[in-house]
Every structure is written in C-alpha cells, then in structure tokens.
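Novice: Sequence first, predicted coordinates after that:
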Amino acid sequence: MRRDSRPQEPDFRRDPAFRRDPAFRPAPMPPYEDRPSRTKLFLRRQRKLIRPGIVFLVVVGLGGVGARLLYDAASEERFAPLRAKLVAMEPLPIRHVIINGRGMTSEASIYEALGTSTGHPIFGFSVEAARQRIDELPFVDHATVERRMPDTIIINLTERTPIAVWQTHGHFSLINQAGEEVPDQGMTGKNAQAFLQLPLVVGDGANTAASVVIDALAKQPDVKSRVAALIRVGNRRWNVTLKDGTTVMLPEGEEAAAFARLAQYQTSMNLLDRPVVSIDMRLPDRMVIHQTPAPTPPPDAPKTDTPAPPSDSSQTTQQP
C-alpha cells in the first residue's frame with residue numbers, strides 16, 4: 001500500500017497549547033450568503049433613477065410655490081394678506097421712481113396718485129389701485145405701474161394730446177398740437193378737468209395757429225398764470241385777455257418777444273397788476289397803455305381849483 005508522499009499540514013486542533021489558549025483559535029466563519037436578496041437587487045438597479053426623481057420633486061414643489069405666489073399677486077384681495085406679512089417684515093425701501101412718457105401731467109399729481117414715494121416699503125402699496133388712480137388723471141389715457149425688485153417703481157404713461165380748448169361759433173372742443181379735435185369729447189370726467197386746466201383759444205383759424213402762441217406763452221409762466229383766453233384776430237395775430245379783464249394786443253408773428261417784454265415789465269414795475277384797460281404792443285418801437293377811466297364826479301359835487309382828470313387817459317411808454 002502506497003503512502004501519500006505529500007507533506008501533511010499540522011493539525012493545531014490536536015496541539016494541547018492550541019486548546020488551552022483561545023487567542024490561537026480561528027474566528028468563526030460568517031454564514032455564507034449565496035446571492036443578494038431581490039430587494040437589494042432592485043435598489044441597486046433603481047439607484048440611478050431615485051436621485052433625479054428627488055430633484056424633480058423638489059423643482060416641482062418650488063414651482064408650485066412660485067405659481068401660487070404669482071396667482072395671489074394677480075388679485076388684490078388674495079395678495080393683500082401676503083403684502084401685509086411682507087410689510088411686517090423688514091421692509092425693502094423704494095429708492096427710485098421712474099416715470100416714462102410724461103408730458104403734460106405734473107410729477108406732483110403722479111406721486112399723489114401713486115400713493116407712495118422713495119423711502120417707503122416697496123410692498124406697502126397696491127400696484128393695481130395706483131394704476132387706476134393714475135389712469136384718472138386728466139391727460140393720461142392709460143398707464144402701467146411695475147415693481148422692479150429690489151428698490152424701483154416704474155410708471156409708463158400714455159398721455160392724451162390736447163393742448164388747448166378751442167371755442168368757435170359757440171362750440172367748445174379739445175384740440176391737439178396740429179389743431180385737430182381730440183376724440184372722446186365730453187364735459188364730464190377727465191375731459192371736464194382738461195377743459196378747466198388748458199388755455200382757451202377763440203376764433204376762426206385759432207386751432208391751427210394755437211401751438212405757436214401756446215409754446216411761446218409757456219416760456220413765461222408769470223404771464224401765463226394771468227391769461228384767461230387767446231383770441232385770434234383776422235386770422236393774422238392775437239389778442240390776449242387777462243383774468244382781470246385787461247386786453248393785450250400782440251404784434252403779428254412776434255408773440256414770443258411780446259410775452260418776454262410783458263414778463264420784464266411785470267418784474268420791473270408790476271405792470272400786469274395795475275388796473276388798465278388794454279396794453280397795445282402792436283408797434284415795434286412803443287407800448288401804449290390805456291388806463292382805467294377815472295370815476296366821473298356827481299353833478300352836485302363842489303368844484304375845486306384842481307381840474308378833473310380826463311375820463312379816458314392813455315399813457316405811452318417808449319421801448320427801452
């Protein structure tokens with residue numbers, strides 16, 4: 001019988017020292033797992049899809065919150081509670097108010113209609129209510145109001161274009177720069193306010209010639225504030241009726257120079273505050289002032305040595 005000539009491995013389990021010292025004993029082998037469970041296999045396969053799915057759900061959630069905020073902001077009633085909460089927080093102050101398209105509408109009236117100004121919280125007012133108030137201004141056709149975060153309010157105006165009220169043959173109408181009648185005439189609402197604020201031009205042909213004289217008058221605000229009407233004479237020149245009844249006769253084609261002279265005389269001698277009947281400026285080298293007639297004394301009044309002034313006196317002032 002042949003013996004196996006291969007070296008035999010020592011059997012430590014038979015060694016008495018191995019039996020006595022536990023440190024030399026091998027650790028027990030873990031139970032052998034044939035293959036992973038179905039759950040682990042599924043998770044391994046779906047791991048690449050789980051992370052994109054979580055990101056997708058987060059994006060959808062944020063989009064839903066943003067859509068809800070936009071939906072609430074579109075309605076004043078729904079946005080009011082949210083605006084109150086935002087205002088209660090530390091406010092974002094308005095630092096800039098930009099107005100585009102303003103021509104005849106004053107900045108003061110726009111700020112008053114806006115309902116806020118620089119330094120106030122940007123969420124402290126209603127955009128829709130401000131837009132409606134601005135729309136009601138006399139020369140505004142329509143407007144938009146926009147919050148631009150973090151500190152700017154933008155107002156875009158589309159103005160109506162009347163420059164004067166034209167009276168001819170007992171009919172009043174608003175006219176634009178070209179002398180054409182502005183549509184949507186009426187004596188109620190915004191039209192009524194425009195009729196009160198715009199200058200009055202009277203006579204045939206006054207509508208087509210009004211823009212030149214109105215532009216010249218606008219350069220002399222002290223004179224303009226005293227003017228009640230501009231009357232076209234012979235389709236050649238203008239007479240100006242002041243609010244106190246004085247008539248100023250302007251030279252043909254020299255309205256701007258005449259208004260500048262009136263402003264100069266008002267500054268130097270308060271000419272427009274004096275009780276005069278008329279101021280004739282038609283001659284280029286002089287100005288004739290017709291004073292108010294002195295009252296005639298009653299017949300039974302005692303006579304004095306001083307002669308009474310004439311009933312209609314005039315003063316001629318040479319141009320400097």
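Specialist: On my side now, so go ahead. The shown structure was predicted, so the numbers you read here are calculated from the model rather than taken from an experiment.
Novice: Kindly provide the distance from T246 to P275.
Specialist: Between T246 and P275 the computed distance is 8 Å (C-beta to C-beta, to the nearest Å). For every residue, glycine as well, the C-beta is placed using N, CA and C.
Novice: can you map out the helices along the stretch 101-250 of the chain?
Specialist: Using DSSP state H, counting those that start in this stretch, the helices of the stretch 101-250 of the chain run over residues 107-114, 127-135, 189-197, 206-218, 221-224.
Novice: so of these, which one's packed in deepest?
Specialist: Greatest average neighbour count among the helices of the stretch 101-250 of the chain goes to helix 206-218 (a mean of 19), per mean count of other C-beta atoms under 10 Å.
Novice: Alpha carbons only: can I get that one in CSV?
Specialist: Taking C-alpha atoms only, helix 206-218 is exported to CSV below (Å, rounded to 0.1, in the frame of the first residue of the first chain):
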residue,chain,number,x,y,z
ALA,A,206,-57.3,129.7,-33.8
ASN,A,207,-57.0,125.9,-33.7
THR,A,208,-54.3,125.7,-36.4
ALA,A,209,-52.3,128.6,-35.1
ALA,A,210,-52.6,127.8,-31.4
SER,A,211,-49.5,125.7,-30.9
VAL,A,212,-47.1,128.5,-31.7
VAL,A,213,-48.6,131.0,-29.3
ILE,A,214,-49.1,128.5,-26.6
ASP,A,215,-45.5,127.4,-26.8
ALA,A,216,-44.3,131.0,-26.6
LEU,A,217,-46.6,131.6,-23.6
ALA,A,218,-45.3,128.5,-21.8
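Novice: other SSEs contacting it?
Specialist: Secondary-structure packing of helix 206-218 (3 or more C-beta pairs under 8 Å, 6 or more residues apart in numbering; DSSP states H and E): strand 164-168, strand 200-202, helix 221-224, strand 227-233, helix 255-269.
Novice: which residues sit against the third one?
Specialist: Same thing as helix 221-224. Residues outside helix 221-224 that contact it (C-beta atoms under 8 Å, 6 or more residues apart in numbering): 199, 217-218, 259, 262-263, 266-267, 272.
Novice: And the helices of the stretch 101-250 of the chain: which comes nearest E255?
Specialist: Taking C-beta to C-beta, helix 206-218 is the member of the helices of the stretch 101-250 of the chain nearest to E255, at 4.6 Å.
Novice: Give the rounded mean pLDDT of that closest one.
Specialist: Mean per-residue pLDDT for helix 206-218: 93.
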